[in-house]
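Just the structure for this:
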Amino acid sequence: MTLADYDLDEIRKRIYEAYQKESPIFEKFRKYAKNLSNEIRPVRPYSVNAVSFVSSDGGDNRLFFNPAVIELVRVVDSRGNQCAIDAIPSNTKTSDLNERVKADSPLMVKPLKKLCEDLNINRLEELSYLLSGLEEGKSTGAIRCYRDIVEWAVLYDLIVNYEWGSDTVIVRDGLLRTKSFKRDVFPKIDTKIREGVEKHKRRNVNVSVVGVAKQSAVLSRLAVALELEGVFHKPFPCYAKVPPEIENECYNYDRTWLDTYESIVEHNEEAREKGEKEKPFLYQSMGQMYLVKFGDRPNDPVWPVDIATWQINEADRIIGQLTLDAQNGFPIPDYPMCIQKAHDYAKIGGIEVAILQDLLFEGITQNLNEHEKERMLRMKYLGENLASRRYKNG
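Predicted structure coming up:
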């Protein structure tokens, strides 16, 4: 039965009544948008060395010859350097992942090993609760978590262990917050990254840490209100800082996703003045969110951008540096070009996937006799879906 078979007047009435319940929320977000319009600041572009890194999409890196399934974890930066590479079988266990942080293991992943060494961690599951419950063949969520942890290890490596010769902005493809690390582990990573930035500053080199996302709950919930109020309809690049009350309204996560070192310090100072209990330093974010329009046309897209909380006093310069890089963006206009370059280097094309599939097939058949190999070859090439091939080649 289709929608047309129902009483549309009744449906219209119920939808309108439901909206009346939502109307106060809508008006609240319009008020937020009006407040943001008073905080809009223009951007002046600054020249800088912008470097990003991207992990290939999980779907692009999945190799399979049923029942064998292997996930490739590959992180490449915008200069074309492969920062990390790993291959995870579907039946992997936590003990297998621990091999990635052992110096004498052939499976060692260098940035991950450096991160764990600096944190005095010997087992990977000490980084995350999500890695401690791996089940054979049911590890999709854990592999996603592992991929995110490897990306953070690369970010850490680029800031702490790499020596930059000039002012550089390190751009993460995603916000500067994560649920992948334990709440007591992330603060240690935050501290080490701050120390790495300070080490460069002593050499008169400014290293800025930024996260840029294509979407966020904040931007999604504010989008209609921002459009109606014309907040970013300016003929120049501009940005606005997102206040805590807006983020609180938009996220369902617990406070550790929103809390940073600075917000906890501020809360504890207020708690001490009131004689209340202080909050422990457990958090999973190092970013202050801004909404940024990099383009100079009124209807150019707006992006959520996280700036490291200890660098927000330099937001004008950092966003200006990012703007100069974003205005050259292609094929996504007014989106950081360094992220797009990293993505182009990281993605795996059709011919590459075919080669990797052949390597997997070679591994599967290396212990088979000639007769069994012949059967496998017949299955591989003659067992394809002939109907789909017909339409593909038609």
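
going forward, measure contacts and count neighbours with C-alpha atoms only.
Fine.

Residue ranges in the stretch 151-300 of the chain under the pLDDT threshold?
Scanning the stretch 151-300 of the chain with the threshold set as pLDDT under 70 gives 252-256.

Can you show me the strands along it?
168-173, 207-212, 238-241, 287-293 (DSSP state E, counting those that start in this stretch).

Adjacent strands (with direction) for the second one?
Put plainly, it is strand 207-212. Paired neighbours of strand 207-212 in the sheet (DSSP bridges): strand 168-173 (parallel), strand 303-308 (antiparallel).

hmm, who's touching the last one?
Think strand 303-308. 175-176, 208-216, 219, 286-293, 315 (Cα atoms under 8 Å, 6 or more residues apart in numbering).

Would you map the helices across the stretch 201-350 of the chain?
217-229, 244-250, 261-274, 315-326, 337-346, 350-365 (DSSP state H, counting those that start in this stretch).

Show me the one of the ones you listed that comes nearest N122.
Among the helices of the stretch 201-350 of the chain, the nearest to N122 by Cα to Cα is helix 261-274 (25.5 Å).

tell me the angle of the closest one relative to strand 287-293?
120 degrees (axes from the mean of the first three to the mean of the last three Cα atoms, to 10 degrees).

and helix 261-274, how far from the chain's centre?
Mean-position distance between helix 261-274 and its chain equals 29 Å (Cα atoms, centre = their mean, to the nearest Å).

which stretches of the stretch 1-150 of the chain form helices?
Going by DSSP H, counting those that start in this stretch, the stretch 1-150 of the chain shows helices at 8-37, 94-97, 110-118, 140-160.

Show me what the second one is packed against.
Meaning helix 94-97. Packing contacts for helix 94-97, counted by 3 or more Cα pairs under 8 Å, 6 or more residues apart in numbering; DSSP states H and E, involve no helix or strand.

Rounded mean pLDDT for that helix, please.
For helix 94-97, mean pLDDT is 84.

And the first one, by the same measure?
When the per-residue pLDDT values of helix 8-37 are averaged, the result is 85.

quick check: angle from it to strand 287-293?
100 degrees.

Okay, buried residues for helix 8-37 please.
26, 29-30, 32-34, 36-37 (16 or more other Cα atoms under 10 Å).

Same question for the third one.
Within helix 110-118, the residues scored as buried using 16+ other Cα under 10 Å are 110-116.

cool, and stretch 232-251?
Across stretch 232-251, burial judged by 16+ other Cα under 10 Å covers 232-234, 236-242, 246.

Would you mind measuring from E117 to Y32?
From E117 across to Y32, the span is 44 Å (Cα to Cα, to the nearest Å).

N49 now?
35 Å.

A153 too?
From A153 to Y32 the distance is 36 Å (Cα to Cα).

Could you do S95 as well?
In terms of Cα to Cα, S95 sits 48 Å off from Y32.

With S105 instead?
53 Å.

Tell me if I'm right that S180 and R147 touch.
No. Using Cα atoms under 8 Å, S180 and R147 do not qualify as a contacting pair, with a distance of 9.5 Å.

Let me know how buried the residue nearest to Y129 when sequence neighbours are not counted is, in neighbour terms.
Nearest residue to Y129, sequence neighbours excluded (Cα to Cα, 6 or more residues apart in numbering): K182, at 6.5 Å. K182: 18 surrounding residues under other Cα atoms under 10 Å.

contacting residues for K182?
Contacts of K182 by Cα under 8 Å, 6+ apart are 127-129, 284.

Next, format these as CSV and append neighbour count.
Formatted as CSV, the contacts of K182 follow (neighbours: other Cα atoms under 10 Å):
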residue, neighbour count
L127, 22
S128, 20
Y129, 16
Q284, 26
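
Between all of those residues, which two are separated the most?
Of all pairs in the contacts of K182, the most separated under Cα to Cα is Y129 and Q284 at 13.4 Å.

burial count for R272?
11.

Let me know whether it touches V265 as I believe.
No. Using Cα under 8 Å, R272 is not in contact with V265, being 10.5 Å away.

if we can go back for a sec, deepest in the core, which of the strands paired with strand 207-212 is it.
strand 303-308 (a mean of 25; mean count of other Cα atoms under 10 Å).

What mean pLDDT does that one get?
For strand 303-308, mean pLDDT rounds to 98.

So what angle separates the directions of that strand and helix 217-229?
Going by the same axes, to 10 degrees, strand 303-308 makes 130 degrees with helix 217-229.

how far is strand 303-308 from where the chain is centred?
11 Å.

The buried residues of helix 8-37 into a markdown table, with extra columns for distance to Q311?
Formatted as a markdown table, these follow (distance: Cα to Cα, whole Å):
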| residue | distance to Q311 |
| --- | --- |
| F26 | 33 |
| F29 | 28 |
| R30 | 29 |
| Y32 | 25 |
| A33 | 25 |
| K34 | 26 |
| L36 | 21 |
| S37 | 23 |
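
Just the closest of these to T168, please.
Closest approach to T168 among those (Cα to Cα): L36, at 29.0 Å.

Skip the chain neighbours and tell me the closest residue to that closest one.
L36 sits nearest to A240 (Cα to Cα, 6+ apart), 6.4 Å away.
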